[in-house]
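K.L.:
After the sequence you'll find the predicted model.
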Amino acid sequence: MAFDPDNYGLRLFVRYLVLCLIALIFVFPLVFMINSSFKPDSQLLADTSSLRAFLPVGDISLNNYFGAFRRAPVGLFVLNSVLVTGVTVLLSLLICSLAAFSFAFLRWKGRDVLLSIVIATLIIPFETIAIPLLLLVSKLPWIGLDGLHWGWLNTYRVQIIPWIADGLTIFLFVQYFKGLPGELIEAGRVEGANWWQVYYRVVMPLSGPVLATAAILKFLVMYNQYLWPLIVVQQEGYRPVMVGLGYFFQLNVAWGEVMAYLTLITVPVLVFYLLLQRAFIASIASTGVKG
Amino acid sequence: MNLTKHLAGVVIASTCLCAPALAQTKLTMWYHGAGNEVESRILNQIISDFNTSQSDWTVTIESFPEKSYNDSVAAAALAGNLPDILDVDGPVMPNWAWAGYLQPLPIDESEFADFLPGAKGVWDGKLYSVGLWEAAVALFARQSTLDELGLRTPTLDKPWSREEFMAALDAAKASGKYEFALDLGMNDQAEWYSYAFSPFLQSFGGDIVDRSTYKTAEGALNGEAAQAFGKWWQALFTGGYAPGTSEDPADQQTGFIGGKFAFQWNGNWRAVATMEAVDDVVFLPAPDFGAGNKIGAGSWQFGVSAKSKHPEGAAEFIKFAAQDKYLAAFSDGIGLIPPTPSAAQMTKNYKDGGPLAVFFDLSKAQALVRPVTPGYVVQAKVFTKALADIANGADVADTLDAAVDEIDADIESNGGYGHR
């Protein structure tokens, strides 16, 4: 049968077939990871050369998960990452949006120069400032409930505070705020609202999409943190998930446990993304912002 | 009144009794084996035994993942946050001593007189670290393979010559039974290359650096012997004897066992698992390429941090941990070589007639520590890249010359690394 380009049903079928194939390519690594997490090492390695690698077949069990929990405090690592990531995301949304609000709506001397400097920080790789930052945080004071301490190493705050403000998030907010209808801001001011009220009563309710975008980007950066916690955290009690992955790479690598650990630490990311994906769509629908 | 006196006596007595416990000085220790359940269990037992064996010191341990351990230590050294006792990989020790992370052990070296040389970290004439185990590499083969191919079984006294080794590979290749004659574990481009492959270079008569001065690699890494090594090395891959750098990592665990390779160049940490899977496995000594048969030496060791305020306490712990019963426990637990003959006799695998006793002999007879210089950490990376490039077809002479230039430039930019 010859291909009829005018056949809508056939075109739709071909289009979906291609899309499904592309989707499968992206999903395969996840499918491989999850399926492999249930297989013993010998079967996992043997299956890599066939399609069985992507199927939950053979000697399936939860042994790798039990092994992963025996080898490393997985729950603690996930909790640490979720805590550090969650707090950083929330504080980042607040601080960066406030900074961006100032850049976008307030008039003050040196504003444009400072914004240029903030944006310029985007091109500086973190690795270049890691050591100076390490030296700085290792000497900083902190006043806690039990008095004054020097040095932030081996704490949650050393993993959170340096990451709250960043050029990309501020830039995202600035660009978004500049696209908001100026009439809304002016109306708020005419109605007698101060700038703080304009921020949280007018601007932020309209900022669902950029909040979701900034949150997702910051979440990914924070949840995948490796170098920074590696150099500022020497105590197991504060280690995040990515540093914890190193627990599974011994001379004889237990690949099944590696896959089980990766599955366990991927679940929070997928859950977060799915949650925010809904928020993202909902926020676009509810804000009523039109281009 | 009597009651008051009695109570006062009880308080004074209990205070005196408790005083030693309260006076225990805390020592911190960092270890590279996070995630290794067996190592952790044994080490925790040693620490527990030490803490209860005396009243002066109490050791607390913090374990790190091995892959990132050195980076964590370097960062902590920068921040002035090093512990009292440091775990250090043997070949890295000179660098840490030179960089000021370690101080010489306040222990007489004679206390470790019967330790294998590779288990002692000596730099600039001073003992800096001591290992609780040693590792060795051997050529894994099946006795049935040797018999089928009509090959002589090499021994420590009479290892294969270069010609015999290549004839063995040719025979394996010609048999058509194997995907490759030899597995070298080429996918692992970390410390494995310098640990496992530099002994081949040394057996040809070359080296990573000129050990007489440690101030240049000229002549050692690009001389006649090194050129011969490079050409032989490249021929292993162009001749189809061994898989190259894109080898599947899984093959080093399953390839030999599954019959994909006739021979495998591997470490004794894989020996137990291989013995369980292959009834007639034999562990053969390294071939002699002309300048003697060699294997690498030097594993993880304990040292005292330069920042420790209690080096005598740290040294006490290291001496305590180096008892034969603990060396044997580590060996039985993780399969590595106990560093003393007396400890070897206490183990199930390395005692006379034990299934892995050959590795103790290999380590004793063939082991050559990697270049004992602070510059080794850079030289190992340069060597690794050069070997990978040559395996992938790069010109041997040009690649080795470039490696020499890079190593010499590094030595010069670091003021000779303190070598006089």
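P.N.:
Yep, that arrived.

K.L.:
A:Asp47 and B:Ile411, how far apart?
P.N.:
48 Å (Cβ to Cβ, to the nearest Å). In short, each C-beta sits where N, CA and C put it, glycine included.

K.L.:
my bad, A:Leu91
P.N.:
Counting by Cβ to Cβ, the gap from A:Leu91 to B:Ile411 is 47 Å.

K.L.:
out of those two, which sits in the busier spot?
P.N.:
Neighbours per residue, other Cβ atoms under 10 Å in any protein chain shown: of A:Leu91 and B:Ile411, the larger number sits with B:Ile411, 23 against 16.

K.L.:
Would you enumerate the residues in contact with B:Val304?
P.N.:
The contact partners of B:Val304, by Cβ atoms under 8 Å, 6 or more residues apart in numbering or on different chains, come to B:Asp84, B:Ile85, B:Leu86, B:Leu102, B:Gln103, B:Leu105, B:Pro106, B:Pro311, B:Ala314, B:Ala315, B:Ile318.

K.L.:
out of these, what pair is the most spread apart?
P.N.:
B:Leu86 and B:Pro106 (14.5 Å; Cβ to Cβ).

K.L.:
quick revisit: same list, the contacts of B:Val304, but as TSV with distance to chain A please.
P.N.:
Output for the contacts of B:Val304, formatted as TSV (distance: Cβ to the nearest Cβ, whole Å):
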residue	distance to chain A
B:Asp84	13
B:Ile85	14
B:Leu86	12
B:Leu102	17
B:Gln103	20
B:Leu105	23
B:Pro106	25
B:Pro311	20
B:Ala314	17
B:Ala315	22
B:Ile318	20
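
K.L.:
Turn those residues into CSV, including neighbour count and pLDDT.
P.N.:
Listed next are the contacts of B:Val304 as CSV, based on neighbours: other Cβ atoms under 10 Å in any protein chain shown; pLDDT from 0 to 100:
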residue, neighbour count, pLDDT
B:Asp84, 24, 98
B:Ile85, 25, 98
B:Leu86, 30, 97
B:Leu102, 27, 97
B:Gln103, 17, 97
B:Leu105, 26, 97
B:Pro106, 13, 95
B:Pro311, 19, 97
B:Ala314, 28, 97
B:Ala315, 21, 97
B:Ile318, 24, 97
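
K.L.:
can you list the residues you listed in TSV and add secondary structure and distance to A:Tyr261?
P.N.:
Listed next are those as TSV, based on DSSP: H, G, I helix; E, B strand; the rest coil; distance: Cβ to Cβ, whole Å:
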residue	secondary structure	distance to A:Tyr261
B:Asp84	coil	31
B:Ile85	strand	29
B:Leu86	strand	27
B:Leu102	strand	33
B:Gln103	strand	37
B:Leu105	coil	37
B:Pro106	coil	41
B:Pro311	helix	38
B:Ala314	helix	34
B:Ala315	helix	38
B:Ile318	helix	33
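
K.L.:
And the strands in the chain, which stretches?
P.N.:
Went with chain A since none was named. A:141-144, A:147-150 (DSSP state E).

K.L.:
Oops, wrong one, chain B.
P.N.:
B:25-31, B:57-63, B:85-89, B:102-103, B:120-123, B:126-130, B:137-142, B:180-183, B:261-267, B:281-284, B:295-297, B:300-305, B:367-369.

K.L.:
Tell me which of the ones you listed sits nearest to A:Leu217.
P.N.:
Of all the strands of chain B, strand B:57-63 comes closest under Cβ to Cβ, at 32.9 Å.

K.L.:
Need the CA coordinates for the closest one. CSV is fine.
P.N.:
C-alpha atoms of strand B:57-63 as CSV (Å, rounded to 0.1, in the frame of the first residue of the first chain):
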residue,chain,number,x,y,z
TRP,B,57,43.1,8.5,74.2
THR,B,58,39.8,8.0,72.5
VAL,B,59,39.6,7.7,68.7
THR,B,60,36.6,8.8,66.6
ILE,B,61,36.4,7.9,63.0
GLU,B,62,34.9,9.7,60.0
SER,B,63,34.7,7.7,56.8
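
K.L.:
what residues does it touch?
P.N.:
By Cβ under 8 Å, 6+ apart, strand B:57-63 touches A:234-236, B:24-35, B:40, B:43-44, B:47, B:50-51, B:83, B:85, B:310, B:313, B:316-317.

K.L.:
Show me what residue of the stretch 51-200 of chain B gets nearest to chain A.
P.N.:
Scanning the stretch 51-200 of chain B for the residue nearest chain A gives B:Pro65, at 2.5 Å (criterion: Cβ to the nearest Cβ).

K.L.:
Tell me which residues touch that residue, please.
P.N.:
With Cβ under 8 Å, 6+ apart, B:Pro65 has these contacts: A:Val243, A:Gly244, A:Leu245, A:Gly246, A:Tyr247, A:Phe249, B:His32, B:Ala34, B:Gly35.

K.L.:
do you know how far it is from A:Leu83?
P.N.:
20 Å.

K.L.:
What sits closest to the residue most central in space within chain B if chain neighbours are left out?
P.N.:
The residue lying closest to the centre of chain B (Cα atoms, centre = their mean) is B:Ser299, at 2.5 Å. Sequence neighbours aside, B:Ala135 is the residue nearest to B:Ser299 in space, at 4.7 Å (criterion: Cβ to Cβ, 6 or more residues apart in numbering or on different chains).

K.L.:
can you tell if stretch A:125-141 touches chain B?
P.N.:
Yes: remark: stretch A:125-141 sits within contact range of chain B at A:Ile131, A:Leu134, A:Leu135, A:Ser138, by Cβ under 8 Å from any Cβ of the partner chain.

K.L.:
Which two among these are spaced furthest apart?
P.N.:
By the measure Cβ to Cβ, A:Ile131 and A:Ser138 form the most distant pair in the residues of stretch A:125-141 next to chain B, at 10.6 Å.

K.L.:
neighbour-wise, which of these two wins?
P.N.:
A:Ser138 (20 against 14).

K.L.:
Verify the stated contact: the more buried one with B:Gly80.
P.N.:
Yes: look at A:Ser138 against B:Gly80 with Cβ atoms under 8 Å: they come within range, at 7.0 Å.

K.L.:
Tell me the residues on the stretch 151-300 of chain B that lie near chain A, please.
P.N.:
So far as Cβ under 8 Å from any Cβ goes, the stretch 151-300 of chain B lies against chain A at B:Asp248, B:Pro249, B:Ala250, B:Gln253, B:Thr254, B:Gly267, B:Trp269, B:Arg270, B:Ala273.

K.L.:
As a check, name the ranges of all helices in chain A.
P.N.:
Under the criterion DSSP state H, chain A contains helices at A:8-36, A:41-47, A:63-71, A:74-105, A:111-120, A:126-137, A:157-160, A:167-178, A:182-190, A:195-197, A:208-223, A:227-232, A:241-244, A:255-287.

K.L.:
tell me the contacts of the one residue in the stretch 151-291 of chain A that gets nearest to chain B?
P.N.:
Distances between the stretch 151-291 of chain A and chain B by Cβ to the nearest Cβ are smallest at A:Gly246, namely 2.5 Å. By Cβ under 8 Å, 6+ apart, A:Gly246 lies in contact with B:Ala34, B:Gly35, B:Phe64, B:Pro65, B:Glu66, B:Lys67, B:Ser68.

K.L.:
ok, now with 7 Å
P.N.:
B:Pro65, B:Lys67, B:Ser68 (Cβ atoms under 7 Å, 6 or more residues apart in numbering or on different chains).
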